[in-house]
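Novice: Below is the structure, and that's it, no one-letter string:
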C-alpha cells in the first residue's frame, strides 16, 4: 500500500523506521503529519543497518577536559580572511578555524563559482584547500577553475561521493579549508539509505562537523534548496553548522546578493553584492549606481525606493504598468514584489482614495532582479501604480518610502536616515516620507505625508481640486 508523499528507501531490509525530512524526528510507523514539526507528507522510510567496525563513530585519540573559561584562548575565534571583500564582510572578516558554514542557493545561481574564487584566493594567501566535488567530475571543476583563473598549487581537488574516502584525504592533504559540494550528494555506504535522504544528510554533516572541530579546519558545505527557496534536508542540518549563508538572485540578471541567515561569530545584518560576469563574480561596492544605471526617469510608473538590505542601503527602481485587460479576471503580476502586499495596496487605493483598477491588468517589477519584500516599499509602489494609471511621471529627483496601513495612513519605517543618506549621495534632492520623518536630511528636502492621498496630491498624479496641506506645500 502506498501513501502520498512517501519516499521508500531501503525496502526489503529487516529493520526500518520513518524519519521526518524537515525536523529529523523518528517515528516507528508512517503517518501523514509529523507530530513534532506539523509538516505533512514529510516522513521517509529509511533502513536501520548495524554499524560496521570500520565506521568512524568518534574521532580517534580525541579527548575532552574541562578547564576554566579564562584559560581558553580568544585567538581560536579570530576569522581568517578569504580575500574577497564582499564575502569577508558578510562573514565578519572571514572564516573562523574549525567553523562549519552552509551555503544555500538555487541551482545555477553561482554557488560553485563563488566558492572556487574564494578558495583560490585563500590558496594564493598560503592556505591549503581541499575542494570536494560530489556533483561534477574533476575535469569539469578544472575547466571552470581555469576560466576563473583559480588554478593554484595549494588548491587540491577530489571528486568522490563516498564520505569515508573523502575523510581519508584529510590525512593525506592536511588542509586548512575544506569545501564539500554538495552535502546532499555525499554518502556513507554503511548506512543503507540513498544519498540525499534524511539519514545520510544528517550523518554526513555530523561527521564533517566533528572533523572540522577536531582538526580546526574551516569547512564550507553547499546545500540544495527547495522550490520554496528554503534549504533542503532536515532542519537539524542548519542547527549543526555555525553559519548559514543564502546566495540569492535571478539567473537571468547579473546581480547576486549574499546574506547571512545565521552567524555564530558575528552579525547577520551585512549583505554582499556581486555581479556575474564572463570571468566570474565581481564584488559591487556601489550597488545603487549599478541598479540605476539604465533608468529612464521620464517614464510614468517609475519610482526610486531607498531600500535596506541588512545594514546596507540600496536605491532600487520600482516600475508599475497598468493596462487594459481582456480577461475575465485581470492579471496581478509582481516580479521581485510580494504578491500579497500588492493585492493589499490595490484594495487600499480603491477603498481609501477611489483609485480603482478592478478591470485592469497590473504589472509591477523590481528592476535588476532584486527582491523587495519590506513594507517600506508600500508608498513607492502605490505611487508607481497611480503614476502609470494617470500617465504622469514622478519627478526624477525624488525618492519615496513608507509603509501604508489599511486606512491609507503612511507609517514610519526603520533606518530612515540611512536610506535618505544613500539617496543624497546619489544626487537626489527630494524625498516623500512618513509624517514622523525629519524635515531635512543633509541637503535632501523631505515632504512628510500622513496619508497616501496627500502624496498623490503632492505629486499631482490625480485630477483633484483639493490642494495639499500647508506642511506639504512648503517643501514642494
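Specialist: Yep, it's here. None of the values given here were measured: they were computed from a predicted structure. Numbering: from 1, shown residues only.
Novice: and the lengthiest helix in the chain, which residues are buried?
Specialist: Counting residues, the longest helix in the chain under DSSP state H turns out to be helix 198-215. For helix 198-215, burial by neighbour count (16 or more other C-beta atoms under 10 Å) applies to 198-205, 207-213, 215. C-beta here means a position set from N, CA and C on the backbone, and glycine is covered the same way.
Novice: For that helix, enumerate the helices and strands it packs against.
Specialist: strand 16-20, strand 43-47, strand 100-105, helix 163-173, strand 177-181, strand 218-223, helix 236-240 (3 or more C-beta pairs under 8 Å, 6 or more residues apart in numbering; DSSP states H and E).
Novice: Partner strands of the longest strand seen in the chain, with direction?
Specialist: When every strand of the chain is counted residue by residue (DSSP state E), the longest turns out to be strand 312-324. Paired with strand 312-324 in the same sheet, following DSSP bridges, are strand 302-309 (antiparallel), strand 360-366 (antiparallel).
Novice: among these, which is the most enclosed?
Specialist: strand 302-309 (a mean of 25; mean count of other C-beta atoms under 10 Å).
Novice: out of everything not next to it in sequence, what's closest to residue 98?
Specialist: Closest residue in space to residue 98, ignoring its immediate chain neighbours: residue 216 at 4.4 Å, by C-beta to C-beta, 6 or more residues apart in numbering.
Novice: what about residue 433, how many neighbours?
Specialist: 29 (other C-beta atoms under 10 Å).
Novice: what's in contact with the longest helix of the chain?
Specialist: With C-beta atoms under 8 Å, 6 or more residues apart in numbering as the test, helix 198-215 has contacts from 19-21, 24, 44, 46, 56, 58-59, 62, 98-100, 163, 167, 170, 178, 180, 183-184, 186-188, 191, 193-194, 217-219, 221, 233-234, 236-237, 240-241.
Novice: could you check the angle strand 16-20 makes with that helix?
Specialist: 70 degrees (axes from the mean of the first three to the mean of the last three C-alpha atoms, to 10 degrees).
Novice: Helix 198-215 - what's its average pLDDT?
Specialist: In this model, helix 198-215 carries a mean pLDDT of 92.
Novice: if we can go back for a sec, tabulate the strands paired with strand 312-324 (TSV), appending mean pLDDT and distance to residue 68.
Specialist: Shown next, in TSV, are these (pLDDT from 0 to 100; distance: least, C-beta to C-beta, whole Å):
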stretch	mean pLDDT	distance to residue 68
strand 302-309	95	42
strand 360-366	96	53
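Novice: Now tell me what touches stretch 128-145 from outside.
Specialist: 112-113, 115-116, 119-120, 122-123, 150-152, 154-161, 166, 169-170, 173-182, 185-186.
Novice: Just say helix, strand or coil for residue 357.
Specialist: Classification of residue 357 using DSSP: H, G, I helix; E, B strand; the rest coil returns coil.
Novice: meant to ask about residue 130
Specialist: strand.
Novice: returning to that earlier point: and the strands paired with strand 312-324: which comes nearest residue 415?
Specialist: strand 302-309 (5.1 Å; C-beta to C-beta).
Novice: gap between the closest one and the chain center?
Specialist: 18 Å (C-alpha atoms, centre = their mean, to the nearest Å).
Novice: now swap in stretch 313-325 and tell me
Specialist: Counting by C-alpha atoms, centre = their mean, stretch 313-325 is centred 22 Å from the centre of its parent chain.
Novice: One more: stretch 346-356?
Specialist: For stretch 346-356, the distance to the chain centre is 33 Å (C-alpha atoms, centre = their mean).
Novice: Same check on stretch 199-208?
Specialist: Distance of stretch 199-208 from the chain centroid (C-alpha atoms, centre = their mean) equals 24 Å.
Novice: and if you look at stretch 277-290?
Specialist: 17 Å.
Novice: Also stretch 446-456?
Specialist: Offset of stretch 446-456 from its chain centre (C-alpha atoms, centre = their mean): 33 Å.
Novice: buried ones in it?
Specialist: Buried residues in stretch 446-456, counted by 16+ other C-beta under 10 Å: 446, 447, 448, 449, 450, 451, 452, 453, 454, 455, 456.
Novice: What separates the first and last residues of stretch 46-66, distance-wise?
Specialist: 37 Å (C-alpha to C-alpha, to the nearest Å).
Novice: so the closest residue to residue 236 other than its chain neighbours, which of the three states?
Specialist: Among residues not flanking residue 236 along the chain, residue 24 sits closest, at 4.5 Å (C-beta to C-beta, 6+ apart). Secondary structure, three-state DSSP: residue 24 is coil.
Novice: ok, back up a step: export the strands paired with strand 312-324 to TSV and append columns for distance to residue 326.
Specialist: Formatted as TSV, the strands paired with strand 312-324 follow (distance: least, C-beta to C-beta, whole Å):
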stretch	distance to residue 326
strand 302-309	25
strand 360-366	9
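Novice: Now for residue 420, how many residues are close by?
Specialist: 24.
Novice: Next up, the contacts around it.
Specialist: Residue 420 touches 306, 399, 431, 433, 441, 442, 444, 446, counting by C-beta under 8 Å, 6+ apart.
Novice: 7 Å instead, please
Specialist: 306, 431, 441, 444 (C-beta atoms under 7 Å, 6 or more residues apart in numbering).
Novice: Skipping adjacent residues, who's closest to it in space?
Specialist: residue 441 (4.2 Å).
Novice: List the contacts of the residue nearest to residue 279 when sequence neighbours are not counted.
Specialist: In space, and not counting its chain neighbours, residue 279 is closest to residue 148: 6.4 Å by C-beta to C-beta, 6+ apart. Applying C-beta under 7 Å, 6+ apart, we find residue 148 in contact with 113, 116, 117, 279, 280.
Novice: Please apply the same query to residue 163.
Specialist: 186, 187, 188, 204, 207.
Novice: wait, is residue 119 part of a helix?
Specialist: Yes - assessed by three-state DSSP, residue 119 belongs to a helix.
Novice: can you count the residues close to it?
Specialist: Residues near residue 119, counting by other C-beta under 10 Å: 28.
Novice: that older thread, for PyMOL, what selects the buried ones among the contacts of helix 198-215?
Specialist: Listed next is the PyMOL selection for buried residues among the contacts of helix 198-215, using 16+ other C-beta under 10 Å:
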select buried, resi 19+20+21+24+44+46+98+99+100+163+167+170+178+180+183+184+186+187+188+191+193+217+218+219+221+233+234+236+237+240+241
